[in-house]
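Trainee: mind folding the following:
(3 chains)
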Amino acid sequence: MEMIQELRLKREFKKVFNIRVIRGFLSIVMFVVLWQLVVFIKVPYLENLPYPKDVAAGAADAAGSRTYWFGWGISLVRIFVGFIMAQLIGIPLGLAMGISRTFKDFTFPVFEMLRPIPPIAWIPLAILFWPTRELSIYFLVFIGAFFIIVINVIQGVSNISVSLKWAASSLGARPKHIFWRILVPGSLPSIITGMTVGMGVTWNVLIAAEMIAGQGGLGRMTWEAYTNNNIPFIVVGMVSIGVAGYLCSTLVRWLGEKAMPWKKRF
Amino acid sequence: MVTGAQNHQGEILIKDVTKIYDPEGVHVVAMKDCSFDIAAGEFAVIVGPSGCGKTTLLNAIAGFDTITSGEIYLDGELISSRDRQIKPDVERMVVFQNGALFPWKTVMENVIYGPVVQKRMKKREAVDAAREMLHQVGLNGIEDKYPEELSSGVQRRVEILRALINKPKVVMLDEPFRGLDAVAKTVMHEFLMDIFCESPRTMFFITHDLDEAIFLGSKVIIMTTRPAQVKKIVHVDLPWPREHHVLGSKIYLDLKREVLEAVHEEAKKAFEAGEREMA
Amino acid sequence: MISRFKARVTDPQLLRALIGILVFVSLWYLFTAVLNLPRFRLIPNPVAVLKDWFSLTPASGRSIFTKVYYLDIAYSVGRTLTAFAAATILGVSLGLLMGWSRTFYDFTFPVVETLRPMPPLSWIPLAILILPGVEIAVVYITFIAAFFATVLNTLLGVFSIDKNYFLAARCLGSKPKDVFVNVIVPGSLPFIFTGLQIGMGISWMSLVAGEIIAGKQGLGYAIYEGYFLYQFEHVISYMFTLGILGYMSSAGIRAAGRKLMAWESRRRGA
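Mentor: Residues are numbered from 1 along each chain as shown, chains lettered A, B, ... in the order given. Prediction:
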């Protein structure tokens, strides 16, 4: 039985003093040290980077400022409105295209023609079309997530094995049942993937839109830091955007796991 | 009668091997004090309920995983114990359950991979040797095909050739013919039988198929459920090379009855213990 | 021969595609030129766009007959390809190394994961400040975007390789270098190519943003300029040009993928 004790102790020890965790920690430390060094010895071009401690000071300032947190709020609202609209319209559209060959034949070519156009390129058009700036920003975020979710849903529906559908039919399921009980849950994994990827893209689009056209929001703030030559704050802005994006993606992923309890183990 | 291979190569001694898995504090004693021997050039078949540690032994001999205690010897050399674990090497080749032919290499590239990468043969030599082997077993014209273009039966045979071209001491096969239909299996058995009789080497063959076990093996080792130990060893005294009509003979049926009883007993125990299929 | 032609032309899928596109364009025309709906007032109608796009003397000075059009394309394509090539070479190499050596992975992954969530476009202010010249800044932003996507997909590709291939390679006497060349590289190719397509799409996105914010020439910049100069026709024709270029580059990658991964296309029918 001492063998088991030994195994247990080894495992506990490894959890804390895991060589891999140590290496990870070291790498972040090394990164910060390198950063400090590069600015200190004035490496060409990189000398203009702010010192790590200046960035930390800027971060402390930001955390205390109300405008900063308002910026968070504004950006988050824009993300959610655009993103949710994209899902509300995109998921049913994708399901329709995945289920009905005829419908797909009519709509997919137009869809595929518009898809490669980078969302940013829609900015002028969006501004022309929508009466308010805010609406045009929602629209741009929508465009970012829309094409991605539709493509993923189409793929998700086609991935559902034919045998599942046939099994359901032979067990006496009506089309409505097949739709809600088989197709929707079956395409859930792809829907979740589409949402996760879409969430990443929407942040990208939002930041650009805010820098170019927006009022308020984290992207705008970062841009204004640039025009005001407040370099440490540029970095603070960048990191905030990264954190915000990461939190949103994690939220989507967490929702995804909740929605698919059967995917737990494997 | 086919006996040991030349120079007593490939003798495996398994002594009191114990394997404990301890994932997240739920310690599982997969195997406890398991012992048996395999003589050089013997065709040993391991059968038993799922999760009974057959793969544990294969992994330890092959060098993929460790054991908790006990010893495994190959030709007198200690290859696995609590403190020592030998790394995978050509002398102990493995043929995997679901096939592990490199899908991105052609048949020829797969078969010559071993000798070329070990720098034992020049590429041209290896190609000639491989071509010869393929021809000998009747697999012509597939050299430049990719594995996915071929049927599972052909794929499996190519994989066995890929292993054998390296002239290993021990060949370990983990349910290699699982999933093939009964007709394809008879072809596989003949194939393996021919190869084994042609140049005998130690075989460590894991299977669930009892007919296969008795047909191919010189002895059948029946394992218990967890913690796995040797329940019974049945020696198969059928003449080599085995022919299919032997499947109807009295000796065969007696052997089968013996094996079946032992396996059935253990299977019931395993079921009652609520074992989850690990395969 | 004629019957094949007939079959082609009356192929239901093709017909439906054409009808779909026709409906889209007609609605567009309807809303802008005919009904002149309030929202759509400033948006040019399809006929005007086509006229401008294919005209010998376009009002905006940018049509398929003008040199400027191709100059814009050249700038944008040049930047995208440079950034994409750099991102592919560096990203795939990094991804493969991280997948191959656990030590390397442990040291690099935390830094990569911290930098990755930062939207590429948020790098713009910093890049403009630090890098010499606007051109490099624009290319850099495109590069960053494609780089992280490539690294991630390459890593996923390496991790997707069935463990048995590694075990088999080791049994057959491979040294770590052999495993890298014979298992890791070919095994992760499918994922790498998917990643490259994604990376290409991302590159175009970031490029256009970069051009709008900081560039001097190129399709993105011209779109924005057109908006400011009230020359909306070429805004739309340029949008479509971007779409076409984007599609062509993805198709190019797919074709390259099919060439390199001959074994995938020759699978036995299931």
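
Trainee: please count neighbours and contacts with C-alpha atoms only from this point.
Mentor: Fine.

Trainee: backbone dihedrals for B:Phe204, please?
Mentor: B:Phe204 adopts backbone torsions of phi -120, psi 100, taken as degrees, to the nearest 10.

Trainee: pLDDT below threshold where in the stretch 51-200 of chain C?
Mentor: Scanning the stretch 51-200 of chain C for pLDDT under 70 picks out nothing.

Trainee: show me what residue of it gets nearest to chain A.
Mentor: Closest residue of the stretch 51-200 of chain C to chain A, C-alpha to the nearest C-alpha: C:Met118 (3.9 Å).

Trainee: what is the burial count for the nearest residue to that residue once chain neighbours are set aside?
Mentor: Among residues not flanking C:Met118 along the chain, A:Gly242 sits closest, at 3.9 Å (C-alpha to C-alpha, 6 or more residues apart in numbering or on different chains). Neighbour count for A:Gly242, taken as other C-alpha atoms under 10 Å in any protein chain shown: 23.

Trainee: and A:Gly242, what does it touch?
Mentor: Taking C-alpha atoms under 8 Å, 6 or more residues apart in numbering or on different chains, we find A:Gly242 in contact with C:115-119.

Trainee: distance check, it against A:Ile212.
Mentor: Between A:Gly242 and A:Ile212 the distance is 19 Å, computed by C-alpha to C-alpha, to the nearest Å.

Trainee: could you do C:Ile144 as well?
Mentor: 20 Å.

Trainee: returning to what we had before: tell me which helix or strand the residue of the stretch 51-200 of chain C closest to chain A sits in.
Mentor: When elements are assigned from DSSP states H and E, C:Met118 belongs to no helix and no strand.

Trainee: what are the phi and psi values at it?
Mentor: Dihedral angles for C:Met118 - degrees, to the nearest 10 - are phi -70, psi 120.

Trainee: thought B:Tyr252 was touching B:His245?
Mentor: No - using C-alpha atoms under 8 Å, B:Tyr252 and B:His245 do not qualify as a contacting pair, with a distance of 10.1 Å.

Trainee: which one of those two is surrounded by more residues?
Mentor: More crowded of B:Tyr252 and B:His245, by other C-alpha under 10 Å: B:Tyr252, with 18 against 7.

Trainee: any idea how far chain A is from the closest residue to that one other than its chain neighbours?
Mentor: Residue nearest to B:Tyr252 in three dimensions, not counting chain neighbours: B:Val246, with 6.8 Å by C-alpha to C-alpha, 6+ apart. Using C-alpha to the nearest C-alpha, to the nearest Å, one gets 41 Å for the distance from B:Val246 to chain A.

Trainee: what's the burial count for the closest residue to B:Val107 other than its chain neighbours?
Mentor: The shortest distance from B:Val107 to any non-neighbouring residue, by C-alpha to C-alpha, 6+ apart, is to B:Glu143 (5.1 Å). The local packing of B:Glu143 (other C-alpha under 10 Å) involves 19 other residues.

Trainee: same question, B:Arg120
Mentor: When neighbours are defined as other C-alpha under 10 Å, B:Arg120 has 12 of them.

Trainee: which of the three states applies to B:Ser50?
Mentor: coil (DSSP: H, G, I helix; E, B strand; the rest coil).

Trainee: count the residues that sit near it.
Mentor: Other residues close to B:Ser50 by other C-alpha under 10 Å number 21.

Trainee: ditto for C:Thr108
Mentor: 18.

Trainee: now C:Leu37
Mentor: 12.

Trainee: let's see if you can find the most crowded of the contacts of A:Gly242.
Mentor: Busiest of the contacts of A:Gly242 [other C-alpha under 10 Å] is C:Pro119, holding 27 neighbours.

Trainee: quick check: chain neighbours aside, which residue is closest to that residue?
Mentor: C:Pro119 sits nearest to A:Asn204 (C-alpha to C-alpha, 6+ apart), 5.1 Å away.

Trainee: which SSE is that neighbour in?
Mentor: Short version, using DSSP H and E: A:Asn204 is in helix A:184-213.

Trainee: please name every helix or strand in contact with that helix.
Mentor: helix A:66-99, helix A:133-159, helix A:218-227, helix A:231-259 (3 or more C-alpha pairs under 8 Å, 6 or more residues apart in numbering or on different chains; DSSP states H and E).

Trainee: out of the ones you listed, flag the one nearest C:Phe193.
Mentor: Smallest distance to C:Phe193 across those (C-alpha to C-alpha): 17.4 Å, for helix A:133-159.

Trainee: just give me the neighbour total for the residue lying closest to A:Pro131 once chain neighbours are set aside.
Mentor: Of all residues not flanking A:Pro131 in the chain, C:Arg39 sits nearest, at 7.7 Å (C-alpha to C-alpha, 6+ apart). C:Arg39: 13 surrounding residues under other C-alpha under 10 Å.

Trainee: so, low pLDDT: which residues of chain B?
Mentor: Per-residue confidence for chain B (pLDDT under 70) gives these ranges: B:1-8, B:23-25, B:51-52, B:275-279.

Trainee: for it, just list every one of the helices.
Mentor: Counting by DSSP state H, chain B has these helices, from start to end: B:54-62, B:107-117, B:123-136, B:152-164, B:182-198, B:210-216, B:250-272.

Trainee: deepest in the core, which of these is it.
Mentor: helix B:107-117 (a mean of 23; mean count of other C-alpha atoms under 10 Å in any protein chain shown).

Trainee: which residues touch it?
Mentor: With C-alpha under 8 Å, 6+ apart, helix B:107-117 has contacts from B:101-102, B:121-123, B:126-127, B:130-131, B:142-147, B:158-159, B:161-163, B:165-166, C:172-174, C:178.

Trainee: I figured the residue of the stretch 51-200 of chain C closest to chain A hits A:Met238, correct?
Mentor: Yes - with contact defined as C-alpha under 8 Å, C:Met118 and A:Met238 form a contacting pair (6.4 Å).

Trainee: secondary structure element for C:Thr150?
Mentor: Using DSSP H and E, C:Thr150 falls in helix C:134-159.

Trainee: quick one, that helix and helix A:184-213 angle?
Mentor: Helix C:134-159 runs at 160 degrees relative to helix A:184-213, counting by axes from the mean of the first three to the mean of the last three C-alpha atoms, to 10 degrees.

Trainee: could you list every helix and strand in contact with helix C:134-159?
Mentor: Looks like helix C:134-159 contacts helix C:67-100, helix C:124-130, helix C:185-214 (3+ C-alpha pairs under 8 Å, 6+ apart).

Trainee: and the closest residue to C:Ala168 other than its chain neighbours, what does it touch?
Mentor: Counting by C-alpha to C-alpha, 6+ apart, B:Ala100 is the residue found nearest to C:Ala168 once chain neighbours are left out, at 6.7 Å. Counting by C-alpha under 8 Å, 6+ apart, B:Ala100 makes contact with B:159, C:164-165, C:168.

Trainee: which residue, other than its chain neighbours, is closest to A:Pro116?
Mentor: C:Gly243 (4.5 Å).

Trainee: for that neighbour, give its distance to B:Asn98.
Mentor: In terms of C-alpha to C-alpha, C:Gly243 sits 44 Å off from B:Asn98.

Trainee: looking at the two, which one has more neighbours?
Mentor: Between C:Gly243 and B:Asn98, C:Gly243 has the larger neighbour count (other C-alpha under 10 Å), namely 20 against 15.
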